[in-house]
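> Below: sequence and its predicted model.
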Amino acid sequence: MLINLSDVLSDQHKTVDETVRLEMEEIRLKSGTYPIVSKEPVHVSVEHIRGKELLVKAETRLTVIIPCDRCLEDVRQEFVLNCTKHVDVGLSDAELTEELDESNFIDGYHLDVDKLLYNEILSGWPTKVLCREDCKGLCRICGQNLNAGSCDCEDPGLDPRMSVVRDLFKNFKEV
């Protein structure tokens, strides 16, 4: 969704205060595509600070389906987004100072709400997603979800590379 910023950047410096629909239906990352299963309207306000500096605020809530890192079951991950960005639309990204935020979500006189929120979702993306804390994962042999039940596969136990250590302990016990 694009919001026109010409009123804020004009001499009148009118504040934009709108509630808009999030158009994004999925999150695309290198690791995969994750569907957005629920989303609330986005409340956006943009106010003039000085010169071409703006204060952009956006808040919404959405839920994304991400597979569990152990068993691959779908996990509903909620994102509560409440961001505030201080941008200067008169500067290039190379000229930004530490107190100003990157403004790749503003193009000319338009604020791209989806791009702004996408950046916020990326910064809050979980490093590990589990369906539950004690998730048992998948059987390494047959792929059975071990949370749903056991399988008849022989438990390989230790990593085969550790068999030398196992044999040493076995010999140690016999002595």
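Structure's in. What do you need?
> so which helix or strand takes in the residue most central in space within the chain?
Centroid-nearest residue in the chain: Trp125, 2.9 Å away (criterion: Cα atoms, centre = their mean). If you go by DSSP states H and E, Trp125 is not part of any helix or strand.
> so how far is Gly32 from it?
Distance of Trp125 to Gly32, computed by Cβ to Cβ, to the nearest Å: 12 Å. C-beta coordinates here come from the backbone N, C-alpha and C atoms, glycine included.
> ok, now Gln77?
Separation of Gln77 from Gly32 (Cβ to Cβ): 13 Å.
> Counting neighbours, show which residues of stretch 16-31 come out buried.
Val16, Val20, Leu22, Met24, Ile27 (16 or more other Cβ atoms under 10 Å).
> between the residues you listed, which is nearest Lys115?
For the buried residues of stretch 16-31, the residue nearest Lys115 by Cβ to Cβ is Met24; the value is 9.1 Å.
> Flag every buried residue along stretch 121-128.
Ile121, Trp125.
> Kindly apply the preceding question to stretch 31-39 instead.
Going by 16+ other Cβ under 10 Å, stretch 31-39 has these buried residues: Tyr34, Ile36, Lys39.
> And it, how far out from the chain middle?
10 Å (Cα atoms, centre = their mean, to the nearest Å).
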